[in-house]
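Peer 1: The amino acid sequence is not available; the structure is as follows:
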């Protein structure tokens, strides 16, 4: 049945090439900071409710301009543009900027008046990691409009 | 917070024109989340928490600022030119220190 071949052939001398130093092991050490708490999208939701007082938020009228990718989270330019005549009876009262992925969801609140003339504000913000940013506008008639955008962050910018 | 703030407003404007105002204030905006690498202690928060812009005493624009605003807070906003007068800019730091600056604008 089974052919048990025992090969005891002539002792063959072989040169073994030991390839040394060829194996390169790339160790990617993920730079994780332990114990760092980030805001969750729910925290941002909560803050939005705090700002609106529970009123419904509509889409549109607000344009949020952010770069698609931020190489440096330390300074990310952000521009919010709200479609409004900015007249004495119809103007944007407040623009809130809310972060979903920073240590706290608070970023800034801009208070505008009819004297502002045009509801367009630019600033620079910090981003700890890839996240969504929300711009929430409060109109003089008490209605709310919002816009949301995702931004990819290569290097986070909240210290540490 | 000793350095002079940088402000850009036109010297003159036409009545009804909407002009752009740009301001930059040199400040580290310490978040209160960073740790000193040598001592391991948390560096206390020190930021500009409020910025205001007034024209002839009336508020044009203001901002409530949180630590997520980048160092050297920069704001660009607009203002409707209605009359000649003076802009007043105010930056308030944690602890209550206030820095003010003024700029004149002629409106014709």
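Peer 2: Yep, it's here. The structure displayed is predicted, hence computed values, not measured ones.
Peer 1: Spit out the contact partners of the nearest residue to residue A:138 once chain neighbours are set aside.
Peer 2: Once flanking residues are discounted, residue A:138 sits nearest to residue A:94: 4.2 Å by C-beta to C-beta, 6 or more residues apart in numbering or on different chains. Using the backbone N, CA and C atoms, a C-beta is placed for each residue, glycine as well. Shown in contact with residue A:94 (C-beta atoms under 8 Å, 6 or more residues apart in numbering or on different chains): A:51, A:109-112, A:137-138.
Peer 1: which of the residues you listed lies closest to residue B:47?
Peer 2: Closest approach to residue B:47 among those (C-beta to C-beta): residue A:109, at 14.1 Å.
Peer 1: Residue 59: what's it in contact with?
Peer 2: By default, I'm working from chain A. A:145-147.
Peer 1: nope, chain B please
Peer 2: So residue B:59 contacts A:111, A:113, A:115, B:52-53 (C-beta under 8 Å, 6+ apart).
Peer 1: give me the element it is part of.
Peer 2: Residue B:59 belongs to strand B:58-65 when assigned by DSSP states H and E.
Peer 1: in its sheet, what does the next helix or strand after that strand sit against?
Peer 2: Past strand B:58-65, further along toward the C-terminus, the next helix or strand under DSSP H and E is strand B:74-80. Strand B:74-80 pairs in its sheet with strand A:120-125 (antiparallel), strand B:18-24 (antiparallel), by DSSP bridges.
Peer 1: quick check, distance from strand B:74-80 to the centre of its chain.
Peer 2: Put simply, strand B:74-80 sits 10 Å off its chain's centre (C-alpha atoms, centre = their mean, to the nearest Å).
Peer 1: So what angle separates the directions of that strand and strand B:58-65?
Peer 2: Calculated by axes from the mean of the first three to the mean of the last three C-alpha atoms, to 10 degrees, strand B:74-80 forms an angle of 160 degrees with strand B:58-65.
Peer 1: that older thread, out of the strands paired with strand B:74-80, which is the most enclosed?
Peer 2: Ranked by mean neighbour count, these are led by strand A:120-125 with a mean of 22 (mean count of other C-beta atoms under 10 Å in any protein chain shown).
Peer 1: Quick one: name whatever helix or strand follows it.
Peer 2: Going down the chain from strand A:120-125, the next helix or strand is strand A:131-139, by DSSP H and E.
Peer 1: Now do that following strand: which elements does it pack against?
Peer 2: helix A:41-52, strand A:62-65, strand A:76-82, strand A:92-99, strand A:144-155 (3 or more C-beta pairs under 8 Å, 6 or more residues apart in numbering or on different chains; DSSP states H and E).
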